[in-house]
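S.K.: when you get a sec, could you give me coordinates for this:
(chains A and B)
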There are 2 protein chains.
Amino acid sequence: MNVLIVHAHHEPQSFNTAMLNLAVEVLEGQGHAVVVSDLYAMNFNPVATADDFHQRANSEHLIYALEQRNGYNTGTLAADITQELEKLKWADLIILNFPIYWFSMPAILKGWIDRVFISGFCYGGVRIYDRGGLKGKKAMLAFSLGGQDHMFGPEAIHGELDTLLRPIQRGVLGYVGLSVLPPFVAFHVPYISVEARRDYLEQYRQHLLTLDDRPSLTFPSLDDYDDMLHPKTTLATA
Amino acid sequence: MNVLIVHAHHEPQSFNTAMLNLAVEVLEGQGHAVVVSDLYAMNFNPVATADDFHQRANSEHLIYALEQRNGYNTGTLAADITQELEKLKWADLIILNFPIYWFSMPAILKGWIDRVFISGFCYGGVRIYDRGGLKGKKAMLAFSLGGQDHMFGPEAIHGELDTLLRPIQRGVLGYVGLSVLPPFVAFHVPYISVEARRDYLEQYRQHLLTLDDRPSLTFPSLDDYDDMLHPKTTLATA
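M.R.: You can find the predicted model right below:
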């Protein structure tokens, strides 16, 4: 497999960076080719602006998604976007490795999505979910967070972790057709012992060695919706 | 009321910017004081780095939340963060005005949250939800999106909009103690007629004129959790 790891932590000594390094080691050890986009080290620009397009379809009024399509079709996207897009095309598996900020991605990673997951190639019209532009590839989240395990669940203070991850796992990765593997989660990272971190890294190693054993998450199928994306049949509500 | 509107659209002619301009007009017309943080116009930096702290509690290893607390306590946060923090303190109502990107905020706005909603002042330890640092203030989302109304709901292709907004409304705004008013939503904006946009702006005007009539969203109360944030009583699951 070709594996792209997109890494979004600003501290080289962090546990999160140790997760990145471990993933490179384990995946290369299995014979996979691994490329890392280390967003902080690259000084990646996460802000979507008119500068992303060397040539505009409409130079008077910026509609970002329409300019993405034009930029892709005319080969006039900014160089940093094109470079990341080439990595996406090359990859069979994309791992997003990041610390949770506000139950979501750090801005530098959110902006990588905003700018690189372009309309026209990654999705467009009804080319979403199981007809998305990245269909056939896999993706996985690998993240650390400050909260503890017991703070997530149906009766827990923050509610269910899967629900909080839905905008990313379903709304980003599933949306563009990626097959999404269950995430690797390391809780309470800033506050745990060296031994607990070592245990987490060992768990992550096992997680990476057994990726093929885990079924992908389930998302909508376009087969169940009409051309206007209305449901074809109304299911009984619970 | 003092109202802070944080605006995150790169096109001055956009419908989203028309929403901003209307909100300023309506709220000032009601006698409120309004301040706008126009993030693109300010060239706001959304990336959380060590440069955010003029003085470090730990210069060897960056743990961002801990440096936020130290920076706030010692008055050594970066100037742009301090400036936005002063606006937050001043405001009684905070409106986030933005186009949905990937069922979430554009990176420039996510980074405003990452950098300005600092640990130590906005939250910390069990100072969250109804004990959060911004308790007593209100917040509201006002956003445009490409999707249509019928694409959101229990059986709809993207699921329930409230669920997709949960990381923002509950995980960011509710988490820091803000009382969250129901959002204003304009669907399908890039594709609708001038008349439909005019209708949406009129709806937004009415929404702004009747803010006090709408009950806030409901989030967890710390009263129902112990000091370790375990639920005090186990509720029957449905």
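S.K.: hmm, stretch A:160-167 in reach of chain B?
M.R.: Yes. Applying Cβ under 8 Å from any Cβ of the partner chain, one finds stretch A:160-167 touching chain B at A:163-164, A:166-167. C-beta coordinates here come from the backbone N, C-alpha and C atoms, glycine included.
S.K.: check stretch A:184-193 too.
M.R.: Yes. Using Cβ under 8 Å from any Cβ, we find that stretch A:184-193 touches chain B at residue A:190.
S.K.: alpha carbons only: can I get that stretch in PDB?
M.R.: What follows is stretch A:184-193, C-alpha atoms only, in PDB (Å, rounded to 0.1, in the frame of the first residue of the first chain):
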ATOM      1  CA  PHE A 184      -7.200   5.000  17.000                       C
ATOM      2  CA  VAL A 185      -7.900   7.100  20.100                       C
ATOM      3  CA  ALA A 186      -5.400   7.900  23.000                       C
ATOM      4  CA  PHE A 187      -7.300   9.600  25.900                       C
ATOM      5  CA  HIS A 188      -6.000  12.000  28.600                       C
ATOM      6  CA  VAL A 189      -2.600  12.200  27.000                       C
ATOM      7  CA  PRO A 190      -1.200  15.400  28.600                       C
ATOM      8  CA  TYR A 191      -1.900  13.900  32.100                       C
ATOM      9  CA  ILE A 192      -0.900  10.200  31.900                       C
ATOM     10  CA  SER A 193       2.300   8.400  33.000                       C
END
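S.K.: what's the helix or strand for the residue nearest the centre of chain A?
M.R.: By Cα atoms, centre = their mean, chain A has its centre lying nearest to residue A:96, at 4.9 Å. For residue A:96, the host element (DSSP states H and E) is strand A:93-99.
S.K.: now do residue A:68
M.R.: If you go by DSSP H and E, residue A:68 is part of helix A:64-74.
S.K.: and for residue A:141?
M.R.: strand A:138-144.
S.K.: out of the residues of stretch A:160-167 next to chain B, which sit inside helices?
M.R.: Of the residues of stretch A:160-167 next to chain B, the ones assigned to helices by DSSP state H are A:163-164, A:166-167.
S.K.: coming back round to it: who wins for most neighbours among the residues of stretch A:160-167 next to chain B?
M.R.: Highest neighbour count within these, by other Cβ atoms under 10 Å in any protein chain shown: residue A:167, with 25 neighbours.
S.K.: can you tell me, leaving aside adjacent residues, what's nearest to that one?
M.R.: Counting by Cβ to Cβ, 6 or more residues apart in numbering or on different chains, residue B:103 is the residue found nearest to residue A:167 once chain neighbours are left out, at 4.1 Å.
S.K.: just checking, the one you found touches residue A:169?
M.R.: No. Residue B:103 lies out of contact with residue A:169 (Cβ atoms under 8 Å); the separation is 10.7 Å.
S.K.: out of the ones in helices among the residues of stretch A:160-167 next to chain B, which is nearest to residue B:111?
M.R.: Nearest to residue B:111, judged by Cβ to Cβ, of these is residue A:167 at 16.6 Å.
S.K.: residues contacting the closest one?
M.R.: Going by Cβ atoms under 8 Å, 6 or more residues apart in numbering or on different chains, residue A:167 touches A:104, B:102-104, B:164, B:167.
S.K.: ok, the ones in helices among the residues of stretch A:160-167 next to chain B vs chain B, which is closest?
M.R.: residue A:167 (4.1 Å; Cβ to the nearest Cβ).
S.K.: pLDDT wise, what is that closest one at?
M.R.: pLDDT for residue A:167: 98.
S.K.: and the one 10 residues further on, by the same measure?
M.R.: Turning to residue A:177, the model gives it a pLDDT of 98.
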